[in-house]
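[1] Give me the fold of what follows.
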Amino acid sequence: MRPGMTKGGGRGSYQDLEATSLLCPRCGKAQPVRRRLLLVLPTGEKYSYLCAVCGEEVGSKTETGPIKGVIQTLD
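    Coordinates of the predicted model:
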């Protein structure tokens with residue numbers, strides 16, 4: 001089984017897919033991207049993808065699940 005795939009395939013098979021290049025409207029072609037953290041939400045984290053050449057925002061992604069780096073208190 002390939003990394004990132006769930007057993008049986010189908011929906012959710014590529015939940016952890018990470019973009020390495022996206023179409024930049026300013027450059028007019030696919031360019032490498034940088035991922036920048038925008039918001040830390042109670043339900044997850046929102047990221048923005050920026051063109052590595054010109055800095056234009058070319059996409060965004062919200063990752064749901066436990067927030068990385070947050071200390072939880074014991075009750």
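[2] In the helix or strand of the chain with the lowest mean pLDDT, which residues are buried?
    Ranked by mean pLDDT, DSSP states H and E, the weakest helix or strand in the chain is strand 57-64, scoring a mean of 91. Within strand 57-64, the residues that count as buried by 16 or more other CB atoms under 10 Å are Val58. (Glycine included, C-beta is placed from N, CA and C.)
[3] what's the answer for stretch 46-56, then?
    Across stretch 46-56, burial judged by 16+ other CB under 10 Å covers Tyr47, Ser48, Tyr49, Leu50, Cys51.
[4] Verify the stated contact: the first one with Arg36.
    Just to be clear, that refers to Tyr47. Yes: counting by CB atoms under 8 Å, Tyr47 touches Arg36, with 6.5 Å between them.
[5] tell me, what's touching the two both at once?
    Counting by CB atoms under 8 Å, 6 or more residues apart in numbering, no residue touches both Tyr47 and Arg36.
[6] follow-up on the earlier one: out of the buried residues of stretch 46-56, flag the one nearest to Thr62.
    If you rank the buried residues of stretch 46-56 by distance to Thr62 using CB to CB, Tyr47 comes first, at 7.5 Å.
[7] residues making contact with the strand or helix carrying that closest one?
    In this assignment (DSSP states H and E), Tyr47 forms part of strand 44-51. The contact list for strand 44-51 (CB under 8 Å, 6+ apart) reads 19, 22, 24, 26-27, 31-39, 56-65, 67-68.
[8] What mean pLDDT does that strand get?
    Mean pLDDT, strand 44-51: 93.
[9] between the least confident helix or strand of the chain and strand 44-51, how many degrees?
    160 degrees (axes from the mean of the first three to the mean of the last three CA atoms, to 10 degrees).
[10] Please report the distance of Gln31 from Thr43.
    30 Å (CB to CB, to the nearest Å).
[11] Mind checking which of those two has more residues around it?
    Set Gln31 next to Thr43 and count neighbours by other CB atoms under 10 Å: Gln31 wins out with 18 against 10.
[12] which phi and psi does the more buried one have?
    Backbone torsions of Gln31, given as degrees, to the nearest 10, read phi -130, psi 160.
[13] cool, Ala19 as well?
    phi -70, psi 140.
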